[in-house]
Every structure is written in structure tokens, then in C-alpha cells.
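Trainee: What follows is a predicted structure for the sequence shown.
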Amino acid sequence: MIIEHALLPVAPGEEEAFEEAMRQALPIIESAKGCHGASIQRQIENPTTFLLLVRWESVEAHMGVFRNSEVFQQWRSLTHHFYVTPPTVTHFEEPIRR
């Protein structure tokens, strides 16, 4: 399991509309093969920045399977027109065990 970490820069004044679009978009991404849940949070210091966290089976499940699917096109049509610059997307391993 890996975690996708994406910083989403939303156009000023579009924050509420973006949040509404994300309410529709989260179930779409969660329906993708290899997805094990997603969440979105708004940054306090810069309220036009949102943090998307998605649990995937693997980087390939995200970058290969999902990005080349019809589900991604649905996701993209709901969310990507809000971004002022492309999102910064990285992947993290499972948490370090204590």
C-alpha cells in the first residue's frame, strides 16, 4: 500500500465550488481499481491550497491503471479546471512502524 500526496492549487474565489466538486469526485476516485480510500483537506495558512491523500495498492495502480482509465477522465472533468497550476503529486510508503 502507498499514499498519494497531492497539493492542489485552486483559483482564488473558487474554493467553495471546488469543495462541492470534490464531494462528487471523491466517490469516483474511490471506485477506481486499486484505490483504498481518499480524503481532501483545506490548508489553513493558504486556503486556496488543498491536500489530497489517496491510498493505492501501488504506484502502478495510480499512475498506470487509474490515469489511463475512464474513471480518471470523470475525475479530471470535475476537478482539474479549478487548478491555477498543475498539482504537485508524490507518493509515500507505508508509515514507519513504532
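Mentor: Sure, I can see it.
Trainee: Would you double-check that Pro9 falls in a helix?
Mentor: No - read with DSSP: H, G, I helix; E, B strand; the rest coil, Pro9 is strand and lies in no helix.
Trainee: what mean pLDDT does stretch 69-81 have?
Mentor: Taken as a whole, stretch 69-81 has a mean pLDDT of 96.
Trainee: I meant stretch 88-98, not that one.
Mentor: Mean pLDDT, stretch 88-98: 93.
Trainee: what residues does that stretch touch?
Mentor: Met1, Ile2, Ile3, Glu4, His5, Ala6, Leu7, Trp56, Val59, His62 (Cβ atoms under 8 Å, 6 or more residues apart in numbering). C-beta coordinates here come from the backbone N, C-alpha and C atoms, glycine included.
Trainee: residues of that stretch that come out buried?
Mentor: Residues of stretch 88-98 include none that count as buried (16 or more other Cβ atoms under 10 Å).
Trainee: any idea which helix is longest in this protein?
Mentor: Ranked by residue count, the top helix of the chain under DSSP state H comes out as helix 15-30.
Trainee: separation between Glu45 and Leu51?
Mentor: Per Cβ to Cβ, to the nearest Å, Glu45 is found 12 Å from Leu51.
Trainee: ok, these two, which is more surrounded?
Mentor: Per other Cβ atoms under 10 Å, whichever of Glu45 and Leu51 has more neighbours is Leu51, with 13 against 5.
Trainee: Who does the more buried one form a beta bridge with?
Mentor: Leu7, Gln41 (DSSP bridges).
Trainee: Show the model's pLDDT score for it.
Mentor: We have a pLDDT of 98 for Leu51.
Trainee: Surely it is in contact with Leu7?
Mentor: Yes - Leu51 is within contact range of Leu7, at 6.2 Å (criterion: Cβ atoms under 8 Å).
Trainee: Find residues that contact each of these two.
Mentor: Contacts common to Leu51 and Leu7, judged by Cβ under 8 Å, 6+ apart, are absent.
Trainee: Before I go, just wanted to say thanks for your time.
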